[in-house]
Structures are given as C-alpha cells and as structure tokens.
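Asker: Next comes the sequence, and after it the predicted model I'd like to discuss.
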Amino acid sequence: MIRRWFRSLSKGKEGELLSPEAFRDLYLAYFKKRQFDCEIEVQGDLELKIRTAGEGAAHGVYLDNAYQQYTNDPENRDEIIETYIQSFLDVLNQKETPVERDRIVPVIKDRGWLEEILAGMKERGGNPDDMPVYLSDFYNSELAIFYAEDSERNIRYLTDEVVEELEIDRSALLDLAKENLRKLVTGIEISGGDGLFLVTAGGDYEASLMLLDGLWNPEQMPVEGDYVVAIPARDLLIVTGTGHPEAIERLRKMANEGAEQFSYSLSPVLFVRRDGKFEVFEG
C-alpha cells in the first residue's frame, strides 16, 4: 500500500466504511471469541477498558491507530482487527517476561508524542500518573529517541528502572540500541530514483533507520547535496537531496499527506543530514 501511495499520492476510497463505533463493536465481537474470561467497559468511540481474570487493574485499549489503518486499507479489515487483538494479548503475556538486552532498539518519535498520550488520558478521565516514565534522549528540536524491546508482534518501551536492572551503562545505551537495530532489521529495500527514494524495512522502524550511519551511502541513494528526509509515519522514510528542489517540493507534499493519512503518524517536518546527524530542514 505504501509503495502505491508513494508512486501516485492518491488516497481515493471506494465503498462505505464502518463508523468508529461499528469498528469498535466489531473488535469487541472478535475479542470475545479469543478471550472469554474478562470484563469490558466501553469508554468511547474507540476506547475500551479490559480487565482479565485474576487482574485487579483494567487495561486501556485505544483503537485510533487500528481504525486509521482500516480506513486506509478496508479490504484487510479482519486481518487488522486480529493483529491488534493478538498484540494486546501478547502484551498481557509479556508483562512479567524479562527484557532481552539484544532486542533493545531506538525508536524515533515526535517530541510531543508522550505529552499527547498524557493529554488524551486526561481527556478520557484517566490518571496520567498511571503512565510509566519512558526512557528517552533528545535528538533534535522536533524528535526524541525512545528505547524499546522489539518482539515478534509488539514494542515494549523501557524505563530507567529496567535499564538499571539490566546493568546497562546509560551512556552506552544508544550505541547498543543502534547495533541491535542494525542486526534485527533485515531486508531493507530502497526504491525510486532520480533523486527521490523510498526506504522500506518491514513497517516498524523505517523512521529509526535515520540513526544508522551505514544507510546514508551515496552508492545506495545517489542524491545531489545533503540528504533530506521525510518521516511522516513510523513506517515511512522518504529521501532526496538539497540539490533537488523539485523533489523537495514533492517530499513536502508527501510529508504533509502522509502525516494525516497513515497510522502511527510522526512528523510533517523535513530533516537534513549534516555532520552525521539530522536536523530540521529550513530550506
């Protein structure tokens, strides 16, 4: 789907889509088939609270990303719902599982990501104090690096306490995470040409590939000038160069449309690579 969007920039849809409430109810119907022994409270159009047997606290389930993914790809509705259900069940099973240090990866996020989550919790009547303090580093004026454990279906964000328990030197954490990312993300594909490229690598860490120095090789992606990238969503990394003014304009359009259109939106801002690091592109 991303490659079709990259080529055409079209976003037309055919057929009638489910409303958010109908999508939520369908999720519930599928969920109850998978997990019988639980209590479910509907909190909003795309929000649920689920308490499984033997647990005192309820888990918040937010279906905003699932619904957006469905509206972008309605033909795969059932697969999307099943994926999100399985992801939630995996999180429940994963809670007490120790973190594997060789699966810790860096995750690029908009610096406002955490604040938006906390604000959303407050609006829904939740307690922001219940939210863990996730470990992060400043990257630039728009982006931050969070740290997470990668698994087959989930990403588990880390706290300071977890890193201390693993006895990882905090100053060495980023290098460890980047090396893990390099090993774990296989099958990186670069498509496009004429100074405009799309980088894909499975759909979870494309934006984080900004951090891997080895990717920024002119033999793989020949551009004029410095590299300029857009990361409108976590699974989108689009590349051009400062010497391609027409491609930069197309990149701006892609960044704005992608940030609005795709699940896990990240940033509509463009970034330029200078001295081995990306900063906000003002050109």
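Answerer: Perfect, I can see it now. Residues are numbered from 1 along each chain as shown.

Asker: Would you map the strands across the stretch 101-250 of the chain?
Answerer: Per DSSP state E, counting those that start in this stretch, the stretch 101-250 of the chain carries strands over the ranges 104-110, 136-138, 143-150, 155-157, 189-193, 196-200, 227-230, 237-241.

Asker: Indicate which one of those strands is closest to K49.
Answerer: Proximity of the strands of the stretch 101-250 of the chain to K49 was assessed by Cβ to Cβ; the nearest stretch is strand 155-157, lying at 20.4 Å. From N, CA and C alone the C-beta is placed, and that goes for glycine too.

Asker: And the closest one, what does it pack against?
Answerer: On a contact count with 3 or more Cβ pairs under 8 Å, 6 or more residues apart in numbering; DSSP states H and E, strand 155-157 meets strand 143-150.

Asker: Return the list of helices and strands in contact with the strand it packs on.
Answerer: strand 104-110, strand 136-138, strand 155-157, helix 173-184.

Asker: Need the CA coordinates for stretch 25-32. CSV is fine.
Answerer: Coordinates of each C-alpha in stretch 25-32 appear next as CSV, following Å, rounded to 0.1, in the frame of the first residue of the first chain:
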residue,chain,number,x,y,z
ASP,A,25,-18.1,-3.2,18.3
LEU,A,26,-16.6,-5.5,15.6
TYR,A,27,-13.3,-5.5,17.5
LEU,A,28,-15.2,-6.5,20.7
ALA,A,29,-17.0,-9.3,18.9
TYR,A,30,-13.7,-10.7,17.7
PHE,A,31,-12.1,-10.2,21.1
LYS,A,32,-14.7,-12.1,23.0
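
Asker: quick one: buried residues of it?
Answerer: Within stretch 25-32, the residues that qualify as buried are Y27, L28, F31, counting by 16 or more other Cβ atoms under 10 Å.

Asker: again with stretch 80-88
Answerer: Those would be I80, I81, Y84, I85, F88, for stretch 80-88 by 16+ other Cβ under 10 Å.

Asker: So among the residues you listed, where is pLDDT lowest?
Answerer: Minimum pLDDT across the buried residues of stretch 80-88 is recorded for F88, with 81.
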